[in-house]
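Visitor: sequence first, then the predicted structure, then my questions.
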Amino acid sequence: MARPLFRAPVGTRDILPPESARRRRLVRVFADLAERSGFGRLESPVFEEIGVFQRLGPANDVVTKELFEFFDKGEPPRHLALRPELTASVCRAFAEHRPTVPWKIWYSGPQFRYERPQAGRYRQFDQVGVETLGTDDPHADVEVIGLGVRFYEALGMRRVRLLVNSLGDAESRPVYDAALADYLRSRRDELSEQSRVTLERNPLRVLDSKREQDQTVIAEAPVMADFLSGASAEHFAEVRVGLDSLDAAYEISPRLVRGLDYYTRTTFEFVADALDTAQNAVGGGGRYDGLVEELGGPPTPGIGFALGVDRILLACDAEDVFGGDPAPVQVFVVDTAGGQSAVVICDRLRQAGLGVDRAFDSRSMKAQMKRADRSGAVVAVIIGTDEQSDGVVTVRDMRPGGGQRRVASAHVVAAVTDLLAKGVP
Ligand code: AMP
């Protein structure tokens with residue numbers, strides 16, 4: 001009977017080398033930037049009690065439709081969910097451990113949402129992000145947003161736009177929400193069916209609709225900027241002054257509300273113009289001054305962002321930046337003699353910190369040299385029968401015009417290091 005051929009589940013995929021190495025490099029660039037800015041890494045569980053995510057808000061697709069939820073084998077069973085994002089976990093960890101503030105955290109890892117898969121939209125995808133908890137200083141907003149700006153720059157991206165908005169605070173928000181709801185109800189008949197449903201649950205989220213039919217109504221809706229309280233307006237002004245002083249270009253986007261319900265005051269999004277408009281958000285975030293309290297902690301302001309690694313790499317491809325890795329292998333060991341020499345020489349070179357690969361199965365010299373070429377290695381160390389009996393190896397410079405010489409096996413590390421230091425002949 002034929003065995004079934006399994007494939008990765010719908011909406012997920014295997015990231016194979018060398019693409020996986022490029023992703024790791026991207027995370028390293030992010031981690032370096034974050035750690036140089038005083039952020040420490042939080043590693044939290046991939047799943048949480050479902051209530052942690054339900055606190056993100058009842059009108060939220062991520063919570064109502066997209067959670068991967070399950071019960072464990074406990075008695076009684078616990079209701080758990082794979083994390084759809086990390087801000088809730090960071091706030092849960094804050095409420096649990098009560099660290100001193102400001103608590104500056106970075107993270108990276110997979111998130112899970114049961115969405116309709118398409119290019120740039122997956123059921124398992126990676127994010128990197130930061131959160132600063134325990135301060136509502138506008139300079140913290142500027143630090144967080146600035147970190148995002150510098151990260152895209154560090155990857156070489158030039159076509160990322162920053163959109164910012166303020167959603168107001170506990171004082172201004174209800175006034176705006178009421179005005180917006182009145183307005184949307186007055187034009188209810190013109191809205192799409194989905195938006196009419198959203199209107200009853202959370203009028204603000206109607207502004208998030210990308211449906212063609214809703215666009216005229218949205219374009220004429222009242223804007224938050226006209227409803228900001230004095231304190232909110234001042235906070236937003238200070239954030240803008242900070243961004244100006246960084247020379248970070250941004251656009252005020254009065255209808256930017258973003259997907260999750262918990263945002264207050266500053267919200268922002270990074271948009272990649274190199275991608276199709278449907279899937280062009282490469283990151284976003286904002287201030288969430290009530291979320292820690294929702295999760296049982298003390299009242300604690302917070303601001304952060306999450307950036308989508310998968311989409312950033314698609315945008316890098318479209319911009320032709322942050323390309324393939326330089327080959328991680330510098331040395332390729334070719335062995336036609338058999339015996340233990342290749343085992344020992346590979347080990348010695350690797351212990352000296354060099355990137356080393358080798359062939360197996362005693363293939364022919366020609367076949368092994370072909371592999372050496374393909375590996376991208378700069379140096380081949382060749383162990384033939386002659387060499388082995390003389391206790392030497394041949395060290396060959398594989399670059400155009402490079403020569404070769406025999407050295408005692410005991411000196412192979414020095415010979416290879418010398419050759420690599422020399423640069424192209
Ligand atoms: P959000 O947590 O929804 O604000 O998402 C932050 C970023 O994560 C977005 O700007 C996207 O770049 C990325 N993202 C969100 N959902 C997905 C998904 N299903 N597949 C790939 N990337 C995603």
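Guide: Sure, I can see it. Bear in mind that the values here come from a model prediction, so they are computed numbers and not experimental data.

Visitor: going by C-alpha atoms from here, please, whenever you check contacts or count neighbours.
Guide: OK.

Visitor: up against the ligand, what does the stretch 1-150 of the chain have?
Guide: For the stretch 1-150 of the chain, the contact set with the ligand under CA under 6 Å from any ligand atom comprises 85, 120, 121, 122, 123, 125, 127.

Visitor: the nearest residue to residue 40 once chain neighbours are set aside: what's it in contact with?
Guide: Counting by CA to CA, 6 or more residues apart in numbering, the nearest residue to residue 40 once its immediate chain neighbours are dropped is residue 105, at 5.0 Å. By CA atoms under 8 Å, 6 or more residues apart in numbering, the contact set of residue 105 is 39, 40, 41, 42, 130, 131, 132.

Visitor: with only the CA atoms kept, save the helix or strand of the chain with the lowest mean pLDDT in CSV.
Guide: One helix or strand of the chain scores below all others by mean pLDDT, DSSP states H and E: helix 61-64, with a mean of 79. Extracted C-alpha coordinates of helix 61-64, given in CSV (Å, rounded to 0.1, in the frame of the first residue of the first chain):
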residue,chain,number,x,y,z
ASP,A,61,-11.1,39.1,14.4
VAL,A,62,-7.8,37.9,15.8
VAL,A,63,-9.6,36.8,19.0
THR,A,64,-13.1,35.9,17.7
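
Visitor: doesn't residue 161 lie inside a strand?
Guide: Yes. Under DSSP: H, G, I helix; E, B strand; the rest coil, residue 161 falls within a strand.

Visitor: hang on, it packs against residue 273?
Guide: Yes. If you go by CA atoms under 8 Å, residue 161 and residue 273 touch, sitting 7.4 Å apart.

Visitor: for stretch 145-163, buried residues please.
Guide: For stretch 145-163, the neighbour count (16 or more other CA atoms under 10 Å) marks 145-149, 151-152, 155, 157, 159-163 as buried.

Visitor: scratch that, stretch 20-37
Guide: 22, 23, 26, 27, 30, 31, 33, 34.

Visitor: pLDDT below threshold where in the chain?
Guide: The model of the chain has pLDDT under 70 over residues 58-59, 259-261, 423-425.

Visitor: can you give me the domain boundaries for it?
Guide: 19-168+229-319, 173-227, 331-421 (automatic domain parsing).

Visitor: kindly reformat those as JSON lines containing distance to residue 10.
Guide: JSON lines is the format used below for those (distance: least, CA to CA, whole Å):
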{"stretch": "domain 19-168+229-319", "distance to residue 10": "8"}
{"stretch": "domain 173-227", "distance to residue 10": "24"}
{"stretch": "domain 331-421", "distance to residue 10": "33"}
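
Visitor: just give the nearest non-adjacent residue to the residue in the stretch 301-425 of the chain that the ligand sits nearest to, would you?
Guide: Nearest to the ligand, among the residues of the stretch 301-425 of the chain, is residue 308, at 3.4 Å (CA to the nearest ligand atom). Nearest residue to residue 308, sequence neighbours excluded (CA to CA, 6+ apart): residue 127, at 4.7 Å.

Visitor: ditto for residue 72
Guide: Nearest residue to residue 72 in three dimensions, chain neighbours excluded: residue 78, at 5.5 Å (CA to CA, 6+ apart).

Visitor: what about that neighbour, neighbour count?
Guide: Here the number of neighbours of residue 78 (other CA atoms under 10 Å) works out to 14.

Visitor: my guess is it meets residue 51, correct?
Guide: No. Look at residue 78 against residue 51 with CA under 8 Å: they stay out of range, at 10.8 Å.

Visitor: now do the contacts for the residue lying closest to residue 41 once chain neighbours are set aside.
Guide: Distances taken as CA to CA, 6+ apart place residue 106 nearest to residue 41, at 4.8 Å, with adjacent residues excluded. Contacts of residue 106 were listed using CA under 8 Å, 6+ apart, and they are 31, 34, 39, 40, 41, 42, 128, 129, 130, 131.

Visitor: how about a cut-off of 10 Å?
Guide: Residue 106 is in contact with 30-31, 34-35, 38-43, 90, 128-132, 304-306, counting by CA atoms under 10 Å, 6 or more residues apart in numbering.

Visitor: whichever of those end up buried, select them in ChimeraX.
Guide: Here is the ChimeraX selection string for the buried members of the contacts of residue 106, based on 16+ other CA under 10 Å:
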select :30,31,34,39,40,41,90,128,129,130,131,132,304,305,306
